[in-house]
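Novice: Provided below are the primary sequence and the corresponding predicted coordinates.
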Amino acid sequence: GENVEQHPSTLSVQEGDSAVIKCTYSDSASNYFPWYKQELGKRPQLIIDIRSNVGEKKDQRIAVTLNKTAKHFSLHITETQPEDSAVYFCAAIPGGSQGNLIFGKGTKLSVKP
Amino acid sequence: KAGVTQTPRYLIKTRGQQVTLSCSPISGHRSVSWYQQTPGQGLQFLFEYFSETQRNKGNFPGRFSGRQFSNSRSEMNVSTLELGDSALYLCASSVQGLGGELFFGEGSRLTVL
C-alpha cells in the first residue's frame, strides 16, 4: 500500500526565513497531495493541495511543488511568521482509492521571533 | 454552518473495556473518515464511510470497528481496550471523499489505564 515519508520531523527557523518540508510517496498512481496544518491543541486544517496534473501551486506565502517522476512533493513557506508555528502534515491518496488519505508523520515547525 | 462535532471530547477507560465514539459531520457531507493520532505516529487512517458503506479500511485490528447512519453520523467502537489504544481519535467529513478537503473535528481523547 501507499507509504508517505515526511522530513524533517522538526524544523526551527527565524522569523522571516523560509521553511521547506519534503515528502515522498510510494504509489506512482497517487494523484492528490494535500497539506494540513495543526496548531497546538487544535484540529488539522487544509492549507494547500496539488493534483498530479500540476507541478506547482502557490497561495500567498505558501507553495507546493510536485515531482511525479521522483515521487516527491514539498511545502515551501516564505517570510515565516510566529503564527506559522504548528505541525504540518503531508498526505497522499493511493491510486484506486475512494477517499482515504495516507498522512506523513508530521513536521513540527517552530518560528522564532 | 456547524462544523464537525465529536463526542465525548475526553474519556478514561481501563484495559479490557470497550468504548464508542461519535461523530456528526458537516451538513451535506456524506463521507466520514476516522484517524488515530499519537505522538510520533502522525495521523493513521482507521476507516472511511460513505452513504452507510465502509469504502476503505486501514491496517488496524478487528477490535476497531465503525458504522455510519442514514443521517451520515458515524460511530467508531474499540473493544477490549489496550494501553496502546490511548490516543486522540479524529473524525473528518467531506462532501464525497475522492480527494476533497477533509474537515476535522476536535477529536476524542481516549486514555486507557
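Specialist: Nice, thanks for sending it over.
Novice: Quick check: the closest residue to chain A within chain B vs A:S110, distance?
Specialist: Scanning chain B for the residue nearest chain A gives B:G97, at 2.6 Å (criterion: C-beta to the nearest C-beta). From N, CA and C alone the C-beta is placed, and that goes for glycine too. Relative to A:S110, B:G97 is positioned 33 Å away (criterion: C-beta to C-beta, to the nearest Å).
Novice: and those two? which has more neighbours close in?
Specialist: B:G97 (25 against 14; other C-beta atoms under 10 Å in any protein chain shown).
Novice: The more buried one touches B:Q54, doesn't it?
Specialist: No. Between B:G97 and B:Q54 there is no contact under C-beta atoms under 8 Å: 11.9 Å.
Novice: got the residues of chain A near chain B?
Specialist: Contact residues, chain A versus chain B (C-beta under 8 Å from any C-beta of the partner chain): A:1, A:6, A:31-32, A:34, A:36, A:42-46, A:49, A:51, A:89, A:91, A:93, A:97-106.
Novice: Please indicate which of those are buried?
Specialist: Buried subset of those (neighbour count, 16 or more other C-beta atoms under 10 Å in any protein chain shown): A:6, A:31-32, A:34, A:36, A:43-44, A:49, A:89, A:91, A:93, A:97, A:99-106.
Novice: worst-scoring helix or strand of chain B, pLDDT-wise?
Specialist: strand B:53-57 (a mean of 90; mean pLDDT, DSSP states H and E).
Novice: follow-up on the earlier one: point out the ones among the residues of chain A next to chain B that are inside strands.
Specialist: Of the positions in the residues of chain A next to chain B, A:Q6, A:Y32, A:P34, A:Y36, A:Q45, A:L46, A:D49, A:R51, A:F89, A:A91, A:I102, A:F103 sit in strands, assigned by DSSP state E.
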